[in-house]
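1. could you look at this predicted model? Sequence included:
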Amino acid sequence: IGGVKINKDDVVRESDPANNVPDSIFSKLGLQLHRRDHHPIGILKNAIYDYFDTNYSNSFLKFDDLCPIVPVKANFDDVLVPADHVSRSYNDTYYIDAQTVLRCHTSAHQAELLRKGYTHFLVTGDVYRRDSIDSTHYPVFHQMEGFRVFSPDEWMASGMDATSYAANNLKKTLEGLAQHLFGAVEMRWVDTYFPFTNPSFELEIYFQEKWLEVLGCGVTEQEILKRNGKMDNVAWAFGLGLERLAMVLFEIPDIRLFWSNDLRFTSQFSEGQLGVKFKPFSKFPPCYKDMSFWISDAFTENNLCEVVRGIAGDLAEEVRLIDNFTNKEGMTSHCYRIAYRSMEHSLTDEEINQLQWDVREAVQSKLNVVLR
Ligand code: PHE
């Protein structure tokens with residue numbers, strides 16, 4: 001399915017209890033911001049392509065049109081995600097049915113491309129995660145996966161062992177990329193864990209007074225190579241978040257802006273122009289509304305955020321837990337503060353009150369909680 005809107009009724013059985021994909025998410029399928037040459041996400045993709053084309057003489061094959069609806073096997077099993085890993089839960093991942101998900105990372109395509117015999121590739125696509133609401137999180141975002149396989153003669157000549165050779169090459173490649181995109185920027189490597197790489201690293205960049213994680217990477221687990229016909233090789237992989245990088249590069253303060261069709265946003269970017277600083281066209285005031293309720297055992301913040309987005313859409317800027325206590329009877333109460341703010345106009349009191357009213361109704365009826 002390429003660049004084509006996906007019709008919900010064609011992929012979801014209405015009655016399937018395993019489906020947890022709301023219409024608001026379905027409406028994003030097929031939009032492919034990463035394939036728009038005048039959109040910051042597309043501009044960034046093309047700049048990364050340029051870096052690899054120039055430094056690796058076009059040896060990386062590029063895929064940016066692979067279908068985001070993938071088997072559970074491809075998204076998790078093929079990249080060695082353990083059966084009990086949290087990322088597999090209905091709370092974290094969108095399931096179309098018990099065997100099919102909206103990919104939660106572009107790593108979902110590693111195994112299939114290896115099996116096809118590719119050794120150098122870049123995969124760009126929209127990925128989907130259930131999550132909380134704030135200025136750097138959105139349930140749909142874009143990643144680029146990079147993958148490179150080495151053959152024995154490459155590391156033998158270096159005198160290094162295969163893993164050190166690949167890890168070295170990986171860090172050099174990504175530092176070069178960061179340099180190409182940012183020039184000078186404060187960054188740091190952090191050791192981490194991924195099921196599909198060992199060793200594993202994260203690269204963080206300093207932005208708006210915080211360290212922002214922009215990519216994960218590492219030396220590919222041997223088991224993945226072995227299963228897919230690359231017995232005698234070593235490889236590295238990375239997965240980078242395009243929104244996070246684009247926010248830093250273009251100084252875009254809120255992740256919701258990427259989805260805006262407002263000309264005051266879209267007209268500020270043009271093909272090939274990396275890092276033109278975004279000029280905020282509005283600082284409309286936020287409006288805060290608090291909501292308290294007794295939670296049930298099944299309550300999760302991700303579910304709450306999905307209900308809030310279902311009603312308020314992109315007017316919801318942040319949902320934050322501000323109070324949490326358990327009474328003598330063992331009942332737990334949460335108070336959440338919702339920030340509403342439009343990028344496009346000043347919200348009226350009537351508008352906000354109506355929204356908050358509708359959110360309260362929906363929270364009560366869908367989440368099995370008792371409002372206080
Ligand atoms: N798939 C990882 C994520 O989404 C990123 C990653 C890709 C890490 C490849 C290591 C190797 O967080």
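-> Ah, there it is.
2. so where do the helices sit in the stretch 151-300 of the chain?
-> Ranges of helices within the stretch 151-300 of the chain are 152-156, 162-182, 222-227, 242-250, 263-266, based on DSSP state H, counting those that start in this stretch.
3. can you redo those as CSV with distance to residue 293 and mean pLDDT?
-> C-betas here are computed from N, CA, C, even on glycine. Listed next are the helices of the stretch 151-300 of the chain as CSV, based on distance: least, C-beta to C-beta, whole Å; pLDDT from 0 to 100:
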stretch, distance to residue 293, mean pLDDT
helix 152-156, 58, 94
helix 162-182, 44, 94
helix 222-227, 44, 98
helix 242-250, 31, 94
helix 263-266, 35, 94
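4. between the ones you listed, which one is closest to the ligand.
-> For the helices of the stretch 151-300 of the chain, the distance to the ligand is smallest for helix 162-182, at 9.4 Å, taking C-beta to the nearest ligand atom.
5. give me the residues contacting that closest one.
-> For helix 162-182, contacts defined as C-beta atoms under 8 Å, 6 or more residues apart in numbering pick out 44, 47-48, 50-51, 55, 146, 148, 150, 152, 154-155, 158, 160, 185, 187, 189, 199, 201, 203, 205, 215, 217-220, 234-236, 238, 245, 248-249, 274-275.
6. same for the ligand: which of those are within range?
-> Filtering those for neighbours of the ligand using C-beta under 6 Å from any ligand atom leaves 217, 218, 238.
7. quick one: end-to-end length of stretch 204-216, please.
-> Start-to-end span of stretch 204-216 (C-alpha to C-alpha, to the nearest Å) is 9 Å.
8. what of stretch 230-250?
-> End-to-end distance (C-alpha to C-alpha), stretch 230-250: 40 Å.
9. most tightly packed of the helices of the stretch 151-300 of the chain?
-> By mean neighbour count, with neighbours taken as mean count of other C-beta atoms under 10 Å, helix 242-250 ranks first of these at a mean of 24.
10. near the ligand, which residues of the protein show up?
-> Those residues of the chain that sit near the ligand, judged by C-beta under 6 Å from any ligand atom, are 105, 107, 145, 194, 196, 197, 216, 217, 218, 237, 238, 239.
11. among these, which pair sits farthest apart?
-> Using C-beta to C-beta, the residues of the chain next to the ligand span at most 13.3 Å, a distance reached by 105 and 218.
12. and the residue nearest the centre of the chain?
-> Closest to where the C-alpha atoms of the chain average out (C-alpha atoms, centre = their mean) is residue 141, at 4.2 Å.
13. got a pLDDT number for the closest residue to the ligand within the stretch 1-150 of the chain?
-> The stretch 1-150 of the chain approaches the ligand most closely through residue 105 (3.5 Å), counting by C-beta to the nearest ligand atom. Per-residue confidence (pLDDT) for residue 105: 98.
14. likewise residue 258?
-> Value listed for residue 258 in the pLDDT field: 97.
15. report the contact partners of it.
-> By C-beta under 8 Å, 6+ apart, the contact list for residue 258 reads 33, 39, 40, 41, 138, 243, 246, 252.
16. next one: residue 194
-> Counting by C-beta under 8 Å, 6+ apart, residue 194 touches 200, 216, 218.
17. please apply the same query to residue 265.
-> Contacts for residue 265 (C-beta under 8 Å, 6+ apart) come out as 257, 278, 281, 343.
18. using PDB, list the CA coordinates for the lowest-mean-pLDDT helix or strand in the chain.
-> When the helices and strands of the chain are compared on mean pLDDT, DSSP states H and E, helix 8-11 comes out lowest with a mean of 79. Extracted C-alpha coordinates of helix 8-11, given in PDB (Å, rounded to 0.1, in the frame of the first residue of the first chain):
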ATOM      1  CA  LYS A   8     -10.500   0.800   8.100                       C
ATOM      2  CA  ASP A   9     -13.300  -1.500   7.000                       C
ATOM      3  CA  ASP A  10     -10.900  -3.300   4.700                       C
ATOM      4  CA  VAL A  11      -8.400  -4.200   7.400                       C
END
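19. helix, strand or coil for the most far-flung residue of the chain relative to its centre?
-> Using C-alpha atoms, centre = their mean, the residue of the chain lying farthest from its centre is residue 328. It sits 40.3 Å away. The three-state label given to residue 328 by DSSP: H, G, I helix; E, B strand; the rest coil is coil.
20. repeat that for the one 10 residues further on.
-> For residue 338, the reduced secondary structure class is strand; criterion used: three-state DSSP.
21. how many residues are close by it?
-> 25 (other C-beta atoms under 10 Å).
22. just the pLDDT for it.
-> pLDDT recorded at residue 338 is 97.
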